[in-house]
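Novice: A structural model of the following input is requested.
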Amino acid sequence: MEEIKLFKIFGIDVNLHVSFIFLIFLFAIFGVVALIFLFLLFASVFLHELAHSIVGKNNRLHINKILLLPLGGLSEIKENEIPAKIEVKVALAGPIFNLFIAFLAAAFSTLSSYPFNLIFQYLFTVNLILGIFNLLPAFPFDGGKVFRGILSTKLSFIDATNLTKKLGDFLIVMVFVVSIIWSLVSKDLSILVWNLLIIIMVYEAGNYEIEAANLRLEVSGLKAKDAIEKNFVVLDKDEDVEKALKFIRKHIYVVSKNKDLFYVLDLNSLKNKQQRIEEASKQIPLVNENERLIDIVQDIKEVGVIGVVKGNKLIGLITPLSLKILMLKKKEEKGNKNKRFEK
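Specialist: As a prediction, the model looks like this:
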């Protein structure tokens, strides 16, 4: 289990990544004051993500969850295709709320005495950094999404993403150069190390956004039924696993049904051949055959297998492999069209 469920707010699940526990123990070494500062950072990141989520919900987006990580957080939005104006609104909500908190903290710090003034000063610093830093026009920062959203009103989504990625690459080159000069002058390599981590994060995030944008372009207009594979067999849930293994060896998915729910045999749950199929299976989410493929791509990556139904009948499965095969077919078709056009 990589996530711990904390609570639910406004109908949104708030989860904590397990690695955060290590961070708590690390800060605990430095005493109570360090833990208080960690809590204020944690609260600031949470409010940042909550602002994203509330604005998203108000614009009819489906927020799956808020995940808090040691190096930040994320609001997981189900939709992969968001109108440019809404993307800008959602992206701006987080940093603007942080800047608002920074303003309040600055006001309270001047009205408070020791030690509360120190707490408000720290709250001011944390939220000012979160607000300004997240407005940088590069992925994965909110500013990158704002910049892309503005460009998308004039350019195609893929062109806007590419241009934002190029701007991000330019910024990380500048950061790298400045970091080297700063480290040589100050004789402090820690600045260079931290900035290198940021550079790697920005570079990888840019590549991810390009990949996601290309995928969005490729699956645009496609439905769930277009990506299914029919290489599966439905067996009784009370059958022995031994019977199922005959199909597994032929690379055929084994599916069982219990009322309106479908399950797929999970090899990681296999203990012995005498197990019943039900005991070694996991439930799979179901989508209608006409569901937009773009809206379930993220789910496919996360859960591995999704069932596609027509009415109450299972007509196929979507897996990362079947999705990849579909993308290769589309790429081949596009290549053939270009060849015919050249002729």
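Novice: just give the closest residue to E81, not the sequence neighbours.
Specialist: I294 (5.0 Å; CB to CB, 6 or more residues apart in numbering). Where C-beta positions appear, they are placed from N, C-alpha and C, glycine not excepted.
Novice: so who does the one you found touch?
Specialist: Under the criterion of CB atoms under 8 Å, 6 or more residues apart in numbering, the contact list for I294 reads 80-81, 216, 219-220, 222.
Novice: cool, and L317?
Specialist: 228-232, 253, 255, 264, 284, 305-308.
Novice: do a quick rundown of the strands in this structure.
Specialist: For the chain, the strands defined by DSSP state E cover 3-9, 12-17, 63-69, 72-77, 232-234, 253-258, 261-265, 281-283, 286-288, 306-310, 313-318.
Novice: among the ones you listed, which comes closest to A51?
Specialist: strand 72-77 (8.9 Å; CB to CB).
Novice: can you show me the CA trace of that closest one as PDB?
Specialist: What follows is strand 72-77, C-alpha atoms only, in PDB (Å, rounded to 0.1, in the frame of the first residue of the first chain):
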ATOM      1  CA  GLY A  72       4.500  18.600  -2.700                       C
ATOM      2  CA  GLY A  73       1.000  17.300  -3.700                       C
ATOM      3  CA  LEU A  74      -1.300  16.700  -6.500                       C
ATOM      4  CA  SER A  75      -5.000  17.000  -7.300                       C
ATOM      5  CA  GLU A  76      -5.900  14.000  -9.400                       C
ATOM      6  CA  ILE A  77      -8.500  15.100 -12.000                       C
END
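Novice: quickly list what the closest residue to K5 other than its chain neighbours is bridged to.
Specialist: Take K5 and drop its neighbours on the chain: the residue closest to it by CB to CB, 6+ apart is N15, 5.5 Å away. Counting by DSSP bridges, N15 forms beta bridges with K5, L67.
Novice: still on that earlier bit, out of the strands of the chain, nearest to V241?
Specialist: Of all those, strand 261-265 comes closest under CB to CB, at 7.5 Å.
Novice: quick one: the strands of the chain as CSV, columns for distance to I36 too.
Specialist: As requested, these are exported to CSV (distance: least, CB to CB, whole Å):
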stretch, distance to I36
strand 3-9, 19
strand 12-17, 18
strand 63-69, 17
strand 72-77, 19
strand 232-234, 54
strand 253-258, 49
strand 261-265, 46
strand 281-283, 41
strand 286-288, 45
strand 306-310, 44
strand 313-318, 47
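Novice: among the ones you listed, which comes closest to A106?
Specialist: Per CB to CB, nearest to A106 of the strands of the chain: strand 72-77, 22.9 Å.
Novice: need the strands of the chain in JSON lines (columns: mean pLDDT and distance to T164).
Specialist: Listed next are the strands of the chain as JSON lines, based on pLDDT from 0 to 100; distance: least, CB to CB, whole Å:
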{"stretch": "strand 3-9", "mean pLDDT": "87", "distance to T164": "29"}
{"stretch": "strand 12-17", "mean pLDDT": "89", "distance to T164": "27"}
{"stretch": "strand 63-69", "mean pLDDT": "88", "distance to T164": "22"}
{"stretch": "strand 72-77", "mean pLDDT": "84", "distance to T164": "18"}
{"stretch": "strand 232-234", "mean pLDDT": "86", "distance to T164": "40"}
{"stretch": "strand 253-258", "mean pLDDT": "82", "distance to T164": "39"}
{"stretch": "strand 261-265", "mean pLDDT": "84", "distance to T164": "38"}
{"stretch": "strand 281-283", "mean pLDDT": "85", "distance to T164": "38"}
{"stretch": "strand 286-288", "mean pLDDT": "90", "distance to T164": "31"}
{"stretch": "strand 306-310", "mean pLDDT": "90", "distance to T164": "30"}
{"stretch": "strand 313-318", "mean pLDDT": "90", "distance to T164": "30"}
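Novice: out of the ones you listed, the one nearest V146 is which?
Specialist: strand 72-77 (15.0 Å).
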